[in-house]
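>>> Curious how this folds, go ahead:
(one chain, ligands or ions: 2)
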Amino acid sequence: MSDVKRPVLGVGLLGLGTVGQGVVRILEDRAADFEARLGRRLSVVAALVRDPAKSRERVPEHVRVTTDPMSVLTDPSVDIVMEVMGGIDPAGKLIRQALRMGKHVITANKALLADHGEEIFQTAREADRAVCFEAAVGGGIPIIQALRVGLAANRIVSISAILNGTCNFILTAMTRAGRDYGEVLAEAQKLGYAEADPTLDVDGTDTAHKLAVLVQVAFGRKVTTSEISRRGIDRLEAADIRFAGELGYVVKLLARARVRPEGLELRVAPTLVPKGSQLADISDAYNAIRVEGDAVGDTLFSGRGAGMLPTASAMVSDLIGLAVDPRFRVRQTEELWRPATNAIALVSPDEFRMRAYLRFQIPDRPGELAHLARILGENGISIASVIQHEPMADEREQASVPLVIMTHTATAGAMRLALDEIARTCRLPSEPVCLEVSGHTGRDD
Ligand code: NAP
Ligand code: HSE
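Ligands and ions are numbered 1, 2, ... in the order given. Got it, this is the predicted structure:
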């Protein structure tokens with residue numbers, strides 16, 4: 001594609017599922033406005049699918065639906081390729097081919113960027129083309145351009161974010177209505193929030209992919225998914241959501257990045273967030289990203305983090321960006337996923353500083369609490385509060401009762417050693433639960 005303006009900017013879609021159909025819908029609905037604003041038409045000319053017989057929203061006649069990827073990439077009327085098929089292969093190969101053929105690329109594929117960003121951006125630099133990816137993080141929230149342009153004056157100090165719409169939808173329904181995990185996950189899939197393989201959502205991998213992308217944009221640091229300590233919500237129990245509520249917290253799947261003197265601390269984990277704090281109030285499929293910059297201080301970006309139109313909104317914003325100023329987007333591309341120079345070190349997970357919520361199922365007899373408290377104390381972990389309810393009438397015959405301990409700050413390594421020793425010496429009927437707690441004084445980082 002030359003950057004000479006033609007009356008129609010042709011789009012080739014790789015994928016016509018949830019997000020792809022959203023892109024078609026926005027471009028059709030707003031065609032006249034965009035043409036008036038840009039002085040040229042934005043038009044989808046071809047779309048790649050796996051199964052042409054699948055039922056979809058009405059596809060306009062001018063969109064050629066095909067199962068042949070090369071017929072999209074080699075179509076001379078395709079100027080820009082929008083990749084919304086997902087996965088690593090063939091999506092990565094097709095993006096690189098498109099770049100080599102002179103097309104700019106827009107992608108929503110955080111999994112691909114997180115682990116293969118370097119190859120993709122290297123190819124883009126060699127081809128002097130742009131790769132835009134606003135939709136890859138935060139759905140409709142324009143966080144990528146906010147970091148790259150709006151907060152460009154800042155050194156980013158920390159990011160604390162809810163980045164997975166499916167998980168936030170599930171946690172909200174479990175917290176507010178006590179609904180069943182599996183049933184709410186099925187609803188999130190039906191609403192188009194979940195990944196093709198929803199395990200990636202609930203086990204924290206999708207959030208880690210998005211954190212890896214944010215870390216590249218905010219700190220210029222390449223991290224792969226495997227370098228991010230991560231846990232999901234798939235093993236979270238309703239009892240912990242209830243106890244958290246009793247203690248004044250809600251449970252959120254948080255992605256956190258913080259610059260410390262020792263390096264960059266990165267993690268994804270279900271975390272107790274104080275009720276009334278900014279992130280606690282983000283519900284359903286909404287996402288929120290709290291960014292702290294050295295000059296601006298705290299900022300919060302929130303909005304719909306998943307689904308057809310919010311994600312398509314971000315894709316189309318990149319398309320308009322390319323239509324207005326492709327060279328600016330090429331320059332932005334040149335700066336990302338460069339071979340590492342002076343990269344900030346990553347802090348080892350055992351060195352992370354954390355407050356913990358601990359739940360033990362303990363035998364209800366003398367000395368048990370004292371034994372746990374002694375082991376925590378010997379590992380340098382100080383107790384902030386304890387909850388143990390008297391058993392209800394129908395629980396009196398049970399051999400064990402739940403005991404919840406909130407700790408003060410310690411290292412994750414000390415917490416791990418203490419829990420290992422408790423498991424070894426206490427013969428508990430089930431594994432202890434350990435969740436992170438954020439915020440000391442109403443803050444949620
Ligand atoms: P989707 O509904 O499963 O759509 C995928 C589309 O790609 C389908 O049209 C599918 O064809 C096509 N496709 C997949 N593999 C193909 C192959 N090997 N050859 C030809 N066509 C293929 O997925 P989606 O929800 O739109 O998500 C797409 C991308 O956007 C993913 O990277 C996802 O992570 C990202 N994303 C999604 C959301 C969201 O809320 N859904 C938000 C942000 C980012 P058929 O239609 O024939 O099956
Ligand atoms: N599956 C993702 C989510 C889609 O639920 O957040 C948006 O990236």
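>>> residue contacts, residue 91?
Counting by CB atoms under 8 Å, 6 or more residues apart in numbering, residue 91 touches 14, 83, 85, 107, 109, 112. From N, CA and C alone the C-beta is placed, and that goes for glycine too.
>>> Could you list which of those residues also contact ligand 2?
Applying CB under 6 Å from any ligand atom to the contacts of residue 91, one finds that nothing falls near ligand 2.
>>> For residue 90, which residues are in contact?
Contacts of residue 90 (CB under 8 Å, 6+ apart): residue 69.
>>> er, residue 6 I mean
So residue 6 contacts 40, 79 (CB under 8 Å, 6+ apart).
>>> Next, work out how far apart it and residue 75 are.
The gap separating residue 6 from residue 75 is 14 Å, by CB to CB, to the nearest Å.
>>> Then residue 88?
Note on residue 88: its distance to residue 75, by CB to CB, is 24 Å.
>>> if you count what's nearby, which of the two comes out ahead?
residue 75 (17 against 12; other CB atoms under 10 Å).
>>> how much space between that one and residue 206?
Distance from residue 75 to residue 206, by CB to CB: 31 Å.
>>> who in the chain is up against ligand 2?
So the chain meets ligand 2 at 139, 164-166, 193-195, 201, 206, 305-306 (CB under 6 Å from any ligand atom).
>>> Adding pLDDT, secondary structure and distance to residue 259, write those residues out as JSON lines.
JSON lines is the format used below for the residues of the chain next to ligand 2 (pLDDT from 0 to 100; DSSP: H, G, I helix; E, B strand; the rest coil; distance: CB to CB, whole Å):
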{"residue": "139", "pLDDT": "97", "secondary structure": "coil", "distance to residue 259": "26"}
{"residue": "164", "pLDDT": "98", "secondary structure": "coil", "distance to residue 259": "23"}
{"residue": "165", "pLDDT": "98", "secondary structure": "helix", "distance to residue 259": "27"}
{"residue": "166", "pLDDT": "98", "secondary structure": "helix", "distance to residue 259": "29"}
{"residue": "193", "pLDDT": "98", "secondary structure": "coil", "distance to residue 259": "31"}
{"residue": "194", "pLDDT": "97", "secondary structure": "coil", "distance to residue 259": "32"}
{"residue": "195", "pLDDT": "97", "secondary structure": "coil", "distance to residue 259": "30"}
{"residue": "201", "pLDDT": "98", "secondary structure": "helix", "distance to residue 259": "28"}
{"residue": "206", "pLDDT": "98", "secondary structure": "helix", "distance to residue 259": "24"}
{"residue": "305", "pLDDT": "97", "secondary structure": "coil", "distance to residue 259": "24"}
{"residue": "306", "pLDDT": "97", "secondary structure": "coil", "distance to residue 259": "28"}
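>>> Kindly identify which of those also come near ligand 1.
139, 193, 195, 306.
>>> In ChimeraX, how would I select just the buried ones from those residues?
Burial among those is assessed by 16 or more other CB atoms under 10 Å; the matching ChimeraX selection reads:
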select :139,193,195,306
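>>> residue contacts, residue 390?
Applying CB under 8 Å, 6+ apart, no residues contact residue 390.
>>> Of the residues of the chain next to ligand 2, just say which sits nearest to residue 68.
residue 195 (25.2 Å; CB to CB).
>>> In this structure the closest one contacts residue 86, no?
Yes - with contact defined as CB atoms under 8 Å, residue 195 reaches residue 86; the gap is 7.2 Å.
>>> And the ones next to ligand 1 among the residues of the chain next to ligand 2, which is closest to residue 313?
Closest to residue 313, out of all of these and judged by CB to CB, is residue 139, at 8.2 Å.
>>> need the contact list for the closest one.
165, 285, 287, 303-307, 310-311, 314.
>>> SS state for residue 389?
Recorded secondary structure, residue 389: coil (DSSP: H, G, I helix; E, B strand; the rest coil).
>>> check contacts around it.
Residue 389 neighbours (CB under 8 Å, 6+ apart): 401-402.
>>> and this structure, what are its domains?
The chain breaks down into these domains under automatic domain parsing: 8-140+310-334, 143-304, 350-437.
>>> start to end distance for the shortest one?
Taking CA to CA, to the nearest Å, domain 350-437 runs 16 Å from one end to the other.
>>> Show me what counts as buried in stretch 324-333.
Buried, per 16+ other CB under 10 Å, within stretch 324-333: 326, 329-330, 332-333.
>>> Over to stretch 125-142?
With the criterion 16+ other CB under 10 Å, stretch 125-142 contains buried residues 125, 127, 129-142.
>>> for the closest residue to residue 373 other than its chain neighbours, which residues make a bridge with it?
Spatially, and ignoring its direct neighbours in sequence, residue 373 is nearest to residue 383 (6.3 Å; CB to CB, 6 or more residues apart in numbering). Per DSSP bridges, residues listed as beta-bridge partners of residue 383: residue 407.
>>> Next up, the contacts around the residue of the stretch 301-445 of the chain found nearest ligand 2.
Residue nearest to ligand 2 within the stretch 301-445 of the chain: residue 306 (3.8 Å; CB to the nearest ligand atom). Residues near residue 306 by CB under 8 Å, 6+ apart: 139, 164-166, 192-194, 285, 287.
>>> got it, and residue 282?
162, 168, 252, 288, 302.
>>> burial of residue 259, as a residue count?
20.
>>> Next one, pLDDT for the nearest residue to it once chain neighbours are set aside please.
In space, and not counting its chain neighbours, residue 259 is closest to residue 157: 5.6 Å by CB to CB, 6+ apart. With respect to pLDDT, residue 157 has a value of 97.
>>> so residue 157 is in which element?
strand 156-162 (DSSP states H and E).
>>> what does residue 301 give?
Here residue 301 is assigned to strand 297-304, by DSSP H and E.
>>> how about that strand, does it get close to ligand 1?
No - figure legend: strand 297-304 not in contact with ligand 1 (CB under 6 Å from any ligand atom); closest approach 8.9 Å.
>>> List the contacts of that strand.
With CB under 8 Å, 6+ apart as the criterion, strand 297-304 contacts 138-143, 146, 151, 165, 278, 282, 285-293, 310.
>>> Buried ones only from the residues you listed, please, as a ChimeraX command.
Entered in ChimeraX, the line below selects the buried ones among the contacts of strand 297-304, by 16+ other CB under 10 Å:
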select :138,139,140,141,142,143,146,151,165,278,282,285,286,287,288,289,290,291,292,293,310
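>>> mind checking how far residue 103 is from ligand 2?
23 Å (CB to the nearest ligand atom, to the nearest Å).
>>> List the contacts of that residue.
1, 12, 73, 78-81, 129.
>>> Strands - which of those land there?
The subset of the contacts of residue 103 located in strands under the criterion DSSP state E comprises 12, 80-81.
>>> Let me know the outermost residue of this protein.
Most distant from the centre of the chain: residue 366, at 44.9 Å, with distances by CA atoms, centre = their mean.
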